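A.B. asks: build me a model:
(one chain, ligands or ions: 1)
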Amino acid sequence: MTGLQIDGLGFRYGPRVALEDVSFAVAPGQFCALLGPNGAGKSTLFALLTRLMVSRQGRIRVAGFDLAQAPRAALARIGVVFQQPTLDLDLTVRRNLRYFAGLHGLSGRAAAMAIDAALDRLGMLERAGETVRVLNGGHRRRMEIARALIHAPAVLLLDEPTVGLDAASRRAITAHVHDLAAGGMAVLWATHLVDEIGPADQVVVLHRGRVLAQGTAAAIAAGQPLADAFMAMTAGEDA
Ligand SMILES: Nc1ncnc2c1ncn2[C@@H]1O[C@H](COP(=O)(O)OP(=O)(O)OP(=O)(O)O)[C@@H](O)[C@H]1O
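C.D. replies: Numbers count the residues shown, from 1 in each chain. Coordinates of the predicted model:
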């Protein structure tokens, strides 16, 4: 397995169970939507995948590397776009990315090539010299995704990356990230918005820390709109 594999993952905040026996995989070339309402456990899962937090329950493998046993090798193969933007608004796009390339040990020509390639993939190359502050929200987000690609990760994690964006920007970013998956990356996209998911995408429905369903969106929707299937599943749990 060369993408992302999660087996039996659990996590508690004191007595509160945030994740329970979560297992699923994202293969290279797959766009997988982690679909869950507020409080489902998506951010907790992302914190465990990026080792901001550690769990003793279960196992996470990235491109075959066990995150607990070989954290550096595993983390080197992950690109992350967190919910909260973390850009220096007063630097240009290129300087922001150069700083980040340096964190990954890239400098000089290698860094310049990686930065140009990543910006090009997100349609942002012509904006490389602009200060981040003048970019709109959609372009800032695209730049953050480009930044997450600089070290050529095998797995790309995005935590609700379209929050606060207008419809056109959301559509553009969703399309760009689908293209990255089609190019061979394993993509995990956390969201509570079903309109960001295509029928062929993989979906993992997370609710109250547990996986309620997983499969293609078409299979989970089972002939009804995905939104209805999702509402029925999560409302049923509340009853
Ligand atoms: N620091 C914390 N201390 C205690 N409980 C927490 C903490 N962080 C999250 N929780 C709880 O863990 C559960 C999962 O929260 P989490 O933030 O992972 O969900 P989420 O799916 O990311 O939700 P959202 O979309 O609102 O960010 C929730 O019940 C939440 O209240």
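A.B. asks: ok, now which ones touch the residue lying closest to Ala186 once chain neighbours are set aside?
C.D. replies: Of all residues not flanking Ala186 in the chain, Gly3 sits nearest, at 3.3 Å (C-beta to C-beta, 6 or more residues apart in numbering). All C-beta atoms are positioned from the backbone trio N, CA, C, and that covers glycine. By C-beta atoms under 8 Å, 6 or more residues apart in numbering, the residues touching Gly3 are Ala25, Val26, Ala27, Pro28, Gln30, Ala63, Ala154, Val155, Ala186.
A.B. asks: mind redoing it with 6 Å?
C.D. replies: For Gly3, the contact set (C-beta atoms under 6 Å, 6 or more residues apart in numbering) comprises Val26, Ala27, Pro28, Ala186.
A.B. asks: what pairs with the first one across the strands?
C.D. replies: Think Val26. Residues in a beta bridge with Val26, per DSSP bridges, are Leu4.
A.B. asks: go ahead and confirm it touches Ala186.
C.D. replies: Yes: using C-beta atoms under 6 Å, Val26 is in contact with Ala186, at 4.4 Å.
A.B. asks: joint contacts of those two?
C.D. replies: Common neighbours of Val26 and Ala186, using C-beta under 6 Å, 6+ apart, are Gly3, Leu4.
A.B. asks: you'd agree Ser169 is up against Gly138?
C.D. replies: Yes: under the criterion of C-beta under 6 Å, Ser169 makes contact with Gly138 at 2.7 Å.
A.B. asks: that's a strand at Leu106, yeah?
C.D. replies: No: under DSSP: H, G, I helix; E, B strand; the rest coil, Leu106 sits outside any strand and is assigned coil.
A.B. asks: with adjacent residues omitted, what lies nearest to it?
C.D. replies: Ala114 (5.7 Å).
A.B. asks: for that neighbour, phi and psi?
C.D. replies: phi -70, psi -40 (degrees, to the nearest 10).
A.B. asks: burial of Gln224, as a residue count?
C.D. replies: Counted by other C-beta atoms under 10 Å, the residues lying close to Gln224 total 12.
A.B. asks: same check, this time on the one 10 residues further on
C.D. replies: For Thr234, the neighbour count with other C-beta under 10 Å is 19.
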